[in-house]
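**Q** Pasting the sequence and the predicted model now:
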Amino acid sequence: MNITRKIALGNDRLRFKSDASLLVGLIACAALLILAFEARDARADWPRIVPAKDATPISYEVFGEGEPTLVFVHGWSCDSRYWREQVPIFSKKYRVVVLDLAGHGHSGMARKRYTMKAFGEDVKAVTEAAGSRSAILIGHSMGGSVIAEAARLMPERVVGLIGIDTLENIEYPLTRKALKKMIAPLKRNFPAGTRQFVKQMISPRTDPQLREWILSDMSAAPPAVALSAMNELIMRYVTGEEARVFDQVRLPVVTVNGDLGWPINYEANRRHMLSYDAIVLKGADHFLMMNRPEEFNDALEKAVQMLLAKPAK
């Protein structure tokens, strides 16, 4: 092989090595960019704080974009973490807001009474602070009563209400004697009473680790807050206020319920609600959004679409 040929081959090898190095470098840069974008997407903004009507600081977070905004409201002795299986899914399509009601999670707890109306003010403050022009309020358990109060406070912003294993019968008859009996075990020994109370709402088929997390978390709630909220909630059924609020809230209501809880009284609900529909999941318990997330998320999306299909107010 002559010297000219050797030099040509050498130059080809150098060019190949140079091109290969360039390609590897480009791939590495692309990978770093992808990781950077994924890290940016995975890293949520810090939680925000807004003062409620009584100046109590309310913690909330916003994910995603678009209207209507889905505002998720947790139940008794819970907090915004109970929606962790919904936030990543629904924030792809909607703006999602989760909050901690006063006395729960990272929000303030200086109130003497934890009424549903005051909780409704918390939701109103967060919804307005998030800049939501139209919102669907989604409430689990006690959160069903809370979103009704919030809707009464801001009817111009709310498209409709979605109750999660709640609002089965807003005319359910309760007496003060029954109220006293229900709260007595919680007053006597709050952690033990709460575990026993909540255990009845969890299916035996629930993952043991999740069951224990729910029981431990809820039984560690501040007793003064929990007892006040429970008393205020049940008194609404004693006085009939739970039904009367819907006489004023002229909005469509859809619930997603498990069939292991209280039976639904469609006639009672429809006597007070503008419209009422329910999606019932077979074999599902009170925490269906946590232990049946895929099935629940499909049902919740259906409920959202049902509300959006209703004629505008």
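**A** Ah, there it is.

**Q** what pLDDT, on average, does stretch 193-206 get?
**A** For stretch 193-206, mean pLDDT is 96.

**Q** Endpoint to endpoint, that stretch covers what distance?
**A** 20 Å (Cα to Cα, to the nearest Å).

**Q** for stretch 287-299, same thing?
**A** End-to-end for stretch 287-299, by Cα to Cα: 14 Å.

**Q** Just give me how far it sits from the chain centre.
**A** 12 Å (Cα atoms, centre = their mean, to the nearest Å).

**Q** which residues touch it?
**A** Defining contact as Cβ atoms under 8 Å, 6 or more residues apart in numbering, one finds that stretch 287-299 is touched by 82-83, 85-86, 89-90, 140, 164-165, 201-203, 205-207, 210, 214, 256, 258, 279, 281, 284-285, 300. Where C-beta positions appear, they are placed from N, C-alpha and C, glycine not excepted.

**Q** can you do 6 Å?
**A** 85, 89, 206, 210, 256, 258, 279, 281, 284 (Cβ atoms under 6 Å, 6 or more residues apart in numbering).

**Q** tell me which element the second one is part of?
**A** Right, the one you point to is Ile89. Per DSSP states H and E, Ile89 falls inside helix 87-90.

**Q** Could you list the paired strands of the helix or strand that that helix is followed by along with their orientation?
**A** For helix 87-90, the following helix or strand on the C-terminal side (DSSP H and E) is strand 95-99. The sheet places strand 95-99 alongside strand 57-63 (antiparallel), strand 69-73 (parallel), with pairing taken from DSSP bridges.

**Q** The closest residue to Pro191 other than its chain neighbours and Ser77, how far apart?
**A** If the residues on either side of it in the chain are set aside, Pro191 comes closest to Ser219, at 4.3 Å by Cβ to Cβ, 6 or more residues apart in numbering. Distance from Ser219 to Ser77, counting by Cβ to Cβ, to the nearest Å: 8 Å.

**Q** So for those two, which sits in the more crowded spot?
**A** Higher neighbour count among Ser219 and Ser77: Ser77, with 25 against 22, using other Cβ atoms under 10 Å.

**Q** mind checking how far the residue lying closest to that one once chain neighbours are set aside is from Ile170?
**A** Distances taken as Cβ to Cβ, 6+ apart put Ala221 closest to Ser77, at 3.8 Å, once the chain neighbours are dropped. According to Cβ to Cβ, Ala221 and Ile170 sit 25 Å apart.

**Q** for Asp285, same thing?
**A** In this view, Asp285 and Ile170 are 21 Å apart by Cβ to Cβ.
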